[in-house]
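Visitor: here you go, sequence then predicted model.
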Amino acid sequence: MSVELRLPTLLRPAVNGSATVTIEGETVGEVLRTLVAEHPGLSGQVLTDDGSLHRFVNVYLNDDDVRYLDQLDTKLAPGDTISILPAVAGGAN
């Protein structure tokens, strides 16, 4: 099935400037692996060399962080949207 994948500004140059791409897959992991295979410029930015989710990105399925679901094994349903967001750190002293 196809899902819409939303990309942050930082990753858009690797996909010809697109804010969204449509990718086929049954799980979040399949979609992200296909994304990296189709757009090699994203290699190492979304998934690590061992295929796990890079720790400096957050991935949401609709409004839910996949780290609190089944991570990369999270199943997809028609109409789902995946969003990749850069992790933000810091705060007041």
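Guide: That came through fine. Residues are numbered from 1 along each chain as shown.

Visitor: does V57 have any beta-bridge partners, and if so which?
Guide: Taking DSSP bridges as the rule, V57 bridges to P86.

Visitor: what is the neighbour count of it?
Guide: 17 (other C-beta atoms under 10 Å). C-beta coordinates here come from the backbone N, C-alpha and C atoms, glycine included.

Visitor: just S52 next, same as before
Guide: Close neighbours of S52, defined as other C-beta under 10 Å, add up to 11.

Visitor: hmm, L72 and it touching each other?
Guide: Yes: S52 is within contact range of L72, at 7.4 Å (criterion: C-beta atoms under 8 Å).

Visitor: tell me how far the spatially most central residue of the chain lies from S43.
Guide: Central residue of the chain (C-alpha atoms, centre = their mean): I84, 4.4 Å from the mean position. Using C-beta to C-beta, to the nearest Å, we find I84 at a distance of 14 Å from S43.

Visitor: try R55
Guide: For R55 relative to S43 (C-beta to C-beta), the value is 16 Å.

Visitor: neighbour-wise, which of those two wins?
Guide: S43 (13 against 8).

Visitor: any idea of the pLDDT on the more buried one?
Guide: S43 carries a pLDDT value of 86.

Visitor: so what does it look like in phi/psi?
Guide: phi -60, psi 130 (degrees, to the nearest 10).
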